[in-house]
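# Here is my input, please return the structure:
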Amino acid sequence: MTTHTQEGAAPVKRFGRRDVAEGAPVVVPVVVAEVVPARPPAAAKIEQMTAALRVKALQQVDPTTVADMPVAALQRYLEQVIHQIANEDRHQLSGREQAALAEELAQDMLGNGPIEPLLRDDEVTDIMVNGPKAVYVERRGKLELTDVQFRDNAHIAALAQKIVARVGRRIDESSPLVDARLLDGSRVNVVFPPLAVDSPCISIRKFSRRRLGLNEMVENGTMTRGVARMLGIAARCRLNILIAGGTGSGKTMLLNAMSNMIDDGERIVTIEDAAELQLQQAHVIRLETRPANLEGTGKIDQRDLVHNALRMRPDRIILGEVRGPEAFDMLQAMNTGHDGSLATIHANNAREGLTRVENMVMMGSFQLPTRAIREQIVGAIDIIVHIERMQDGQRRITQVADICQMEGDIITTNDIVLFEFEREDANKRIIGHYKASNVRPSFQGRLDYYGLARSWTTANGEV
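Residues are numbered from 1 along each chain as shown. Next comes the predicted model:
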């Protein structure tokens, strides 16, 4: 089609659809340029070179040669190996990056991998590895995310297997749950796939390098001077004490502190799932449970160890945590001449602690009437101490209860000491006070026998 814009003008040819209206705007096609993939950033290149160096360095290191090396010596040796490989393969990594890789490999081989700095940090009380990029810690009672990272799930799995292998245990898909410990006594729990859906999980309850006594716990606000003196007197009078509290409330810490009051001349047997108690006395026998082997046999639980401990002529038996039918054997031991025994239990207060002991005795399928179980509890346990990690992150003793007697079918208790909440200050720190009871305790005869009745009265007034 040919048109003329004006007379005498050159004809303008239009191409395209014939039904375009006269004077309609002409659509100019847009030319899309070919997308050229961007070059990988410097960080990605460094990561690729580091991964290649890691593989080659591990291939050149003989495990039998470095097994007995100190970590520092191994790190220096690895720096030389990495530097040589980097020069041969022309990897442009700085000296700092090569040193960081050498430190990482040294900790993976002989240490505890990426979490080693967290284990050396005295402010960290718990370490929780939820995934390669999700490592949390607890500081001053509060959880926080760290910048510590693993390479992948296989890196976490390798560390977990190394930790549990040190104490003769195993972790894999056929046995995906395990309790273990580090060399310093820190408690470790590992969950493997398929139970852990996204990643192997490691939970570490660190054992404090600073061994706290009752006086140190007074200084950090766990209790007052009067409460500490009362607990010390209770331990010296060989009272049977049950320490109750929630997870991470400080039960084991308090048990360790109270054990310092035990006389050095006594024979003590400790029983734990994973040995973490650190008693100061010279005559201590430490027993630890054992899981089943690959064939599903050979399991030794806490109940078996309590049975055996009774044949070892102990003066005191200390159970790290009562969580099953061994509660019945614990009561039997406390009722048969092993005064001064201690144990911990998960409970929200003293009354719930007694209920849990009763329920755990029933777990053993003992055909005992409820009243008989409760009479054994009253005869065995003298005091329940409840410790709590409160909202401000501070661990505090909130209740010390005297197990008095049976009234009908009910166990009666008396709160010797009770923490009463008042308010929160401007820093969200809990303010409260202890209220002491002036009622004569059910174990007054024991105080008189050991000549500590007057000291108990004095401590009661200092609460």
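# List phi and psi for Arg429.
Dihedral pair for Arg429: phi -90, psi 140, per degrees, to the nearest 10.
# wait, doesn't it sit right on Gln391?
No. The criterion here is CB atoms under 8 Å, and Arg429 misses it with Gln391 at 9.5 Å. C-beta: built from backbone N, CA, C; applies to glycine.
# Pull the number of nearby residues for Glu375.
17 (other CB atoms under 10 Å).
# wait, is it part of a helix?
Yes. According to DSSP: H, G, I helix; E, B strand; the rest coil, Glu375 belongs to a helix.
# Residue numbering should commence at 48 henceforth.
All right, first residue 48 from here; so that's Glu422.
# For the residue nearest to it when sequence neighbours are not counted, pull up the helix or strand it's in.
Spatially, and ignoring its direct neighbours in sequence, Glu422 is nearest to Met453 (6.1 Å; CB to CB, 6 or more residues apart in numbering). Met453 is part of strand 442-454 when elements are defined by DSSP states H and E.
# Can you classify Ala201 by secondary structure?
Put simply, Ala201 is helix when judged by three-state DSSP.
# burial of it, as a residue count?
Using other CB under 10 Å as the criterion, the residues surrounding Ala201 number 11.
# Look up how far Leu341 lies from it.
Between Ala201 and Leu341 the computed distance is 22 Å (CB to CB, to the nearest Å).
# Then Met410?
Distance, Met410 to Leu341, using CB to CB: 27 Å.
# Counting neighbours, go ahead and name the busier of those two.
Met410 (13 against 10).
# wait, doesn't the more buried one sit right on Arg370?
No. Look at Met410 against Arg370 with CB under 8 Å: they stay out of range, at 9.5 Å.
# In terms of pLDDT, where does the nearest residue to Thr417 once chain neighbours are set aside sit?
In space, and not counting its chain neighbours, Thr417 is closest to Asp456: 6.8 Å by CB to CB, 6+ apart. pLDDT recorded at Asp456 is 89.
# just the one 5 residues further on next, same as before
The predicted structure scores Asn461 at 95 on the pLDDT scale.
# any idea whether it is helix, strand or coil?
Asn461 - assigned by three-state DSSP - is strand.
# Check Ile434 too.
Going by three-state DSSP, the secondary structure assigned to Ile434 is strand.
# so what's the residue lying closest to it once chain neighbours are set aside up against?
Of all residues not flanking Ile434 in the chain, Gly292 sits nearest, at 4.3 Å (CB to CB, 6+ apart). Gly292 makes contact with Lys298, Thr391, His393, Ala394, His433, Ile434, Glu435, Arg436 under the criterion CB atoms under 8 Å, 6 or more residues apart in numbering.
# Tabulate those (TSV), appending pLDDT.
Output for those, formatted as TSV (pLDDT from 0 to 100):
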residue	pLDDT
Lys298	91
Thr391	93
His393	93
Ala394	93
His433	96
Ile434	96
Glu435	94
Arg436	91
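# Going by distance to Glu313, which of these wins?
Closest approach between the contacts of Gly292 and Glu313, by CB to CB: Thr391, at 19.5 Å.
# which stretch of helix or strand covers that closest one?
strand 389-393.
# Show the subsequent helix or strand relative to that strand.
With DSSP H and E, the next secondary element past strand 389-393 is helix 397-410.
# helix/strand/coil for the closest residue to Asn236 other than its chain neighbours?
Leaving aside its chain neighbours, Asn236 sits nearest to Ser250 (4.5 Å; criterion: CB to CB, 6+ apart). Three-state assignment for Ser250 (three-state DSSP): strand.
# Could you give the bridge partners of Ser250?
Met175, Asn236 (DSSP bridges).
# what about it, how many neighbours?
When neighbours are defined as other CB under 10 Å, Ser250 has 16 of them.
# do Met359 as well
Using other CB under 10 Å, Met359 has 11 neighbouring residues.
# Need phi/psi at it.
phi -100, psi 10.
# Roughly how far does it sit from Ala321?
20 Å.
# now swap in Asp456 and tell me
Note on Asp456: its distance to Ala321, by CB to CB, is 37 Å.
# How much space separates the nearest residue to Asn461 once chain neighbours are set aside from Val274?
Excluding the flanking residues, the one nearest Asn461 by CB to CB, 6+ apart is Asp449, at 4.5 Å. Separation of Asp449 from Val274 (CB to CB): 14 Å.
# ok, these two, which is more surrounded?
For the pair Asp449 and Val274, the greater number of neighbours falls to Val274 (26 against 23), based on other CB under 10 Å.
# element containing that one, please.
Here Val274 sits within helix 272-283, counting by DSSP H and E.
# ok and that helix relative to strand 442-454, angle-wise?
50 degrees (axes from the mean of the first three to the mean of the last three CA atoms, to 10 degrees).
# if we can go back for a sec, between the contacts of Gly292, which is closest to Ser221?
His393 (28.2 Å).
# Check the gap between the closest one and Tyr183 for me.
With distances taken as CB to CB, His393 is found 22 Å from Tyr183.
# Could you do Lys475 as well?
Noted for Lys475: a distance of 21 Å to Tyr183, by CB to CB.
# just Ala321 next, same as before
The value you get for Ala321 to Tyr183, if CB to CB is used, is 21 Å.
# Once you drop chain neighbours, what's closest to Val404?
Of all residues not flanking Val404 in the chain, Ala374 sits nearest, at 5.2 Å (CB to CB, 6+ apart).
# Correct me if wrong, but that neighbour is in a helix.
Yes. Ala374 sits within a helix when classified using three-state DSSP.
# Run a quick check on it versus Val408, I expect a contact.
Yes. Using CB under 8 Å, Ala374 is in contact with Val408, at 5.2 Å.
# Which of those two has more residues huddled nearby?
Ala374 (28 against 25).
# so who does that one touch?
Ala374 makes contacts with Val404, Met407, Val408, Met410, Gly411, as judged by CB under 8 Å, 6+ apart.
# Put together CSV for those residues, with pLDDT and distance to Thr317 on each row.
Shown next, in CSV, are the contacts of Ala374 (pLDDT from 0 to 100; distance: CB to CB, whole Å):
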residue, pLDDT, distance to Thr317
Val404, 94, 19
Met407, 91, 19
Val408, 91, 22
Met410, 85, 23
Gly411, 76, 22
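# That concludes my questions; thank you for your assistance.
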